[in-house]
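S.K.: build me a structure from this.
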Amino acid sequence: MFYSPRAAMIRSIATASAVVASCCLFHFSFAQAAEIEKPLIWQVSKNGTSGVAITTGVRLKTVYEPKIGVDTSIIATRAGTVDSSTLPMRLWGKIRLDDGRPVAVGATYLTADFDPNAGATSLFLQQTHNWIVTPSLDLGSSRVLKAHRISGEGAGLLASQRFDLSLSDFRTSVFTEASLDSLDWISTGSIGIEKKIFSGASLSASIINLTDTPQPAFNASFRRNW
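M.R.: Reported below is the predicted structural model:
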């Protein structure tokens with residue numbers, strides 16, 4: 001058999017490339033699994049024109065994915081200092097009710113929260129569904145039924161529905177949302193667009209209060225798990 005140094009070199013390069021590709025694939029898969037299993041939750045987003053909303057919590061890696069945490073908001077004055085009268089805090093807990101379907105297809109969650117400053121308590125059921133329309137186009141749906149009570153104002157129900165049309169090639173989604181609150185019989189609607197900048201960070205622009213006085217809204221958020 002005739003030995004060709006050029007052919008041997010090509011085979012060596014191909015073998016080395018396959019090994020490198022396998023290692024990269026293993027590293028990527030491991031990183032994805034580690035991201036899912038990370039127990040600490042931390043998310044920060046813009047709140048209004050001069051505020052920041054922060055969510056912190058802990059998740060347990062079990063079938064029902066229980067999570068507990070705290071939400072708070074920090075709003076600055078025009079002088080740049082923190083307004084101490086605007087530091088609401090909300091305690092929350094969340095658990096998954098179904099254990100059969102992958103989250104990417106759909107899931108059902110039960111959430112309870114308590115705001116000690118406002119004396120507000122709520123319990124809500126959320127159901128999500130996802131459909132793959134094309135390899136680069138997904139349709140998502142989220143519906144929520146919420147029972148809530150506010151001290152001095154009474155109790156009521158809130159129902160909301162949201163649809164997301166996601167374009168994975170552009171890391172962009174278009175969404176629309178509508179809700180109706182029986183406590184004061186106010187209905188709201190919004191439509192907007194969201195762009196993922198990089199892992200955990202996104203920007204969105206929307207028009208809110210479509211049924212009353214439409215106005216623009218802009219939001220930036222960042223989420224990281226440890």
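S.K.: going forward, measure contacts and count neighbours with C-alpha atoms only.
M.R.: OK.
S.K.: point me to the helix or strand that includes the nearest residue to residue 224 once chain neighbours are set aside.
M.R.: Once flanking residues are discounted, residue 224 sits nearest to residue 42: 5.5 Å by C-alpha to C-alpha, 6 or more residues apart in numbering. Assessed by DSSP states H and E, residue 42 sits inside strand 40-47.
S.K.: what's the angle between the helix or strand following that strand and strand 40-47?
M.R.: Remark: after strand 40-47, the chain's next helix or strand is strand 51-59, criterion DSSP H and E. Relative orientation of strand 51-59 and strand 40-47, computed by axes from the mean of the first three to the mean of the last three C-alpha atoms, to 10 degrees: 160 degrees.
S.K.: check what contacts strand 51-59 and list those residues.
M.R.: 38-47, 65-76 (C-alpha atoms under 8 Å, 6 or more residues apart in numbering).
S.K.: show me how to select, in ChimeraX, the buried members of these.
M.R.: Entered in ChimeraX, the line below selects the buried ones among the contacts of strand 51-59, by 16 or more other C-alpha atoms under 10 Å:
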select :41,42,43,44,45,46,47,66,67,68,69,70,71,72,73,74,75
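S.K.: just to revisit the earlier point, contact partners for the residue nearest to residue 224?
M.R.: Residues near residue 42 by C-alpha under 8 Å, 6+ apart: 54, 55, 56, 57, 223, 224, 225.
S.K.: give me that answer again for 10 Å
M.R.: Counting by C-alpha atoms under 10 Å, 6 or more residues apart in numbering, residue 42 touches 54-58, 69-71, 222-226.
S.K.: before we move on, what about residue 45?
M.R.: Residue 45 touches 51-55, 73, 201-203, 219-223, counting by C-alpha under 10 Å, 6+ apart.
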